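Q: Need coordinates for the below:
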Amino acid sequence: MAQLTSPHDVEDLESFSNRARTWVVQNLPAIADRANPFGGEDHATQVAKARRLQRLVFDGGFAGLRYPKEYGGQGLTRDHQLAWREVTADRDLGPLRYFKVTLGIMGPTLLDFGEEEAKRQHIPAMLRGEELWVQFLSEPSAGSDLASLLTRAQRDGDAYVVNGSKTWSTFAQFADFAMLLARTNVDVPKHSGLTMLLLPTHREGVTMRPIRLVTGSAEFCEEFFDDVVVPATDIVGQENDGWNVVMRLFFHERNNSGDNSLNDQAIAGIGESTEDPQGKLLALARSVGKSKDSHTRQLVAEALILERLIDPTVARINALLKSGSMPGPGASIVKYVRSVTKYRIKEIALEFGGARTVLDSSDEAGGHGQRWLTARIKTIAGGTTEMQRTAISERVMGLPRDPSPDTQLPFRDVLARRKR
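A: Numbering: from 1, shown residues only. Below you'll find the predicted structure:
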């Protein structure tokens, strides 16, 4: 793993906080509407705004606080990152959510496994807001069982030719580059014949189609690859060792969900902390005439308790991970706690609000149905809740794995069995 910070020549925390506070006041606008931090603008407009904002932060000397200096970062510490979040808590950094995958997941993975030339080319561009990255992992026939993916990358001289498809790629239509996991060897077990490739998303042969959700939004895409040529030098890690790369990517993804990644903006601070669940739930209870109903009051109390428990639970898990007292897969606990708890809070609103939460557009009731639909995304993206439970039980608690008879077979034989 790359060295992220140096113990030498690190700016002291007080000096950094004062410098950051002065710059933030002079350059970043305050949040005008906490109820709607994204202003209702379409994704394309927000992405363009995010690129400009990321460049502004970079030019100010505050981008990539924990990234190494040799790749355009600041070489600082987690404490500096937390200080930055504190001084920007009332500033409009909402658009930077579009960079959370790029800087919280893809950049760290590139630091760990990328060739030196790739790191020097792409990481500074990420930090300047010039490059948005996406992960091309899930497939229609290989969701939770990622190792069974079918997208092929066949070697042809000094290049790979990629054919296949991916799906559920977040904001892929706006991305510049991707890490694509493809099968490069079918004569070995399924986990052993995978390779992670670095791919410009607009290369010839790549077709992207946004997926329209029930909410009306189109945050995800499906992608099709028809004889896409990728130079053999554009590998992240080693050929046929892509499973190790993607496991590290997942580690960074869970850290990102727990606000413990190299992404400088807190995930919970972009969109979630502005929701005021107590105020919204109480307003909904009053609007449907249930503010004095005992069952409704119990549900509201449950939601408020869950909301209060998230931060200390995440902080404790992060502390254990940092000290080495908990193995790396423990990051799945953070992902699980956040996604399940947030979903349950949204679900409670529907339990006592009923159809009113979906049909009523008033300030008191409006939005709860939309938030419930959106919350389901978080129980799937970044690894489903079921997969987190499996990781926690097997890799943290040490419980026995379920039998998997196909893990030792050459993948070619697995495919043959499926066709019978």
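
Q: now this protein, which segments are flagged as low pLDDT?
A: 1-9, 33-40, 143, 258, 267-277, 359-366, 417-420 (pLDDT under 70).

Q: That one: helices as residue ranges?
A: 13-27, 43-59, 78-87, 100-101, 107-113, 116-127, 242-257, 277-287, 294-323, 331-353, 356-359, 368-378, 385-391, 411-419 (DSSP state H).

Q: among those helices, which is nearest R209?
A: Nearest to R209 among these is helix 43-59 (14.9 Å), distances taken as C-beta to C-beta. All C-beta spots, glycine's among them, are computed from the backbone N, C-alpha and C.

Q: Tell me who's in contact with N18.
A: Listed by C-beta atoms under 8 Å, 6 or more residues apart in numbering, the contact set of N18 is empty.

Q: can you list contacts of stretch 83-93?
A: So stretch 83-93 is contacted by 13, 16-17, 20-21, 24, 28-32, 37, 53, 62, 65, 264-266, 269-270 (C-beta under 8 Å, 6+ apart).

Q: What is the neighbour count of E222?
A: 18 (other C-beta atoms under 10 Å).

Q: for E347, same thing?
A: Neighbours of E347 (other C-beta under 10 Å): 15.

Q: With F177 as the reference, name the closest of the helices of the chain.
A: Using C-beta to C-beta, the nearest of these to F177 is helix 116-127, at 6.9 Å.

Q: what's that closest one in contact with?
A: Against helix 116-127 from outside (C-beta under 8 Å, 6+ apart): 54, 58, 63-64, 67, 70-73, 99, 102-103, 106-107, 110-111, 114, 131, 133, 177, 198, 234, 236.

Q: now do 10 Å
A: Defining contact as C-beta atoms under 10 Å, 6 or more residues apart in numbering, one finds that helix 116-127 is touched by 2, 54-55, 57-58, 63-64, 67-68, 70-74, 99, 102-103, 106-108, 110-115, 130-133, 176-177, 198, 233-236, 264.

Q: A182 is nearest to which of the helices of the chain?
A: Short answer: helix 242-257, nearest of the helices of the chain by C-beta to C-beta, at 7.7 Å.

Q: now the contacts of helix 116-127: which count as buried?
A: Among the contacts of helix 116-127, those classed as buried by 16 or more other C-beta atoms under 10 Å are 54, 57-58, 63-64, 67-68, 71-74, 99, 102-103, 106-108, 110-114, 131-133, 176-177, 198, 234-236, 264.

Q: So which of those residues are in strands?
A: Among the buried ones among the contacts of helix 116-127, the ones falling in strands (DSSP state E) are 133, 177, 198.

Q: quick one: which of the residues you listed is nearest Y343?
A: W133 (26.9 Å).

Q: hang on, isn't that closest one packed against I105?
A: Yes. Counting by C-beta atoms under 10 Å, W133 touches I105, with 8.2 Å between them.

Q: any common contacting residues for those two?
A: Contacts common to W133 and I105, judged by C-beta under 10 Å, 6+ apart, are M179.

Q: Tell me how far the residue nearest in space to the middle of the chain lies from N256.
A: In the chain, the centroid-proximal residue (C-alpha atoms, centre = their mean) is V101; its distance is 4.8 Å. Using C-beta to C-beta, to the nearest Å, V101 is found at 8 Å from N256.

Q: For those two, list the residues in contact with both.
A: The contact lists of V101 and N256 share 263, 382, where a contact means C-beta under 10 Å, 6+ apart.

Q: Tell me which residues touch A147, please.
A: Contacts of A147 by C-beta under 10 Å, 6+ apart are 181, 183, 189-194, 242-243, 246, 404, 406-407, 411, 414.

Q: Over to H252?
A: H252 neighbours (C-beta under 10 Å, 6+ apart): 101, 104-109, 111-112, 260-263, 331.

Q: Which one of the contacts of A147 sits in the busiest neighbourhood?
A: In these, the most neighbours by other C-beta under 10 Å go to G242, 30 neighbours.

Q: right, and it touches K190 too?
A: No. G242 lies out of contact with K190 (C-beta under 10 Å); the separation is 11.2 Å.

Q: what touches both of those two?
A: Joint contacts of G242 and K190 (C-beta under 10 Å, 6+ apart) are 147, 149, 183.

Q: Hmm, the last one is touching E239, no?
A: Same thing as R183. No. Taking contacts as C-beta under 10 Å, R183 lies outside contact range of E239: 11.5 Å.

Q: Could you name every residue contacting both of those two?
A: 153, 193-195.

Q: Angles on the backbone of the residue located most distally from the centre of the chain, please.
A: In the chain, K292 marks the outermost C-alpha relative to the chain mean, sitting 39.6 Å out by C-alpha atoms, centre = their mean. Dihedral angles of K292 (phi, psi; degrees, to the nearest 10) stand at phi -110, psi 0.

Q: what separates it from R286, distance-wise?
A: Taken as C-beta to C-beta, the span from K292 to R286 is 10 Å.

Q: again with V47
A: Taken as C-beta to C-beta, the span from V47 to R286 is 38 Å.

Q: didn't A355 look like it was pressed against H368?
A: No. The pair A355 / H368 is not scored as a contact, 11.1 Å apart, by C-beta under 10 Å.

Q: In terms of neighbours, single out the busier of these two.
A: More crowded of A355 and H368, by other C-beta under 10 Å: H368, with 23 against 11.

Q: Correct me if wrong: that one contacts G353.
A: Yes. At 5.9 Å, H368 counts as touching G353 under the criterion of C-beta under 10 Å.

Q: the domain parsing of this protein - what is it?
A: Using automatic domain parsing, the domain parsing of the chain gives 13-130, 135-242, 275-396.

Q: can you put these in TSV and add distance to F250?
A: Shown next, in TSV, are those (distance: least, C-beta to C-beta, whole Å):
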stretch	distance to F250
domain 13-130	9
domain 135-242	9
domain 275-396	7
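
Q: Quick one: closest of those domains to F251.
A: Taking C-beta to C-beta, domain 275-396 is the member of those nearest to F251, at 5.4 Å.
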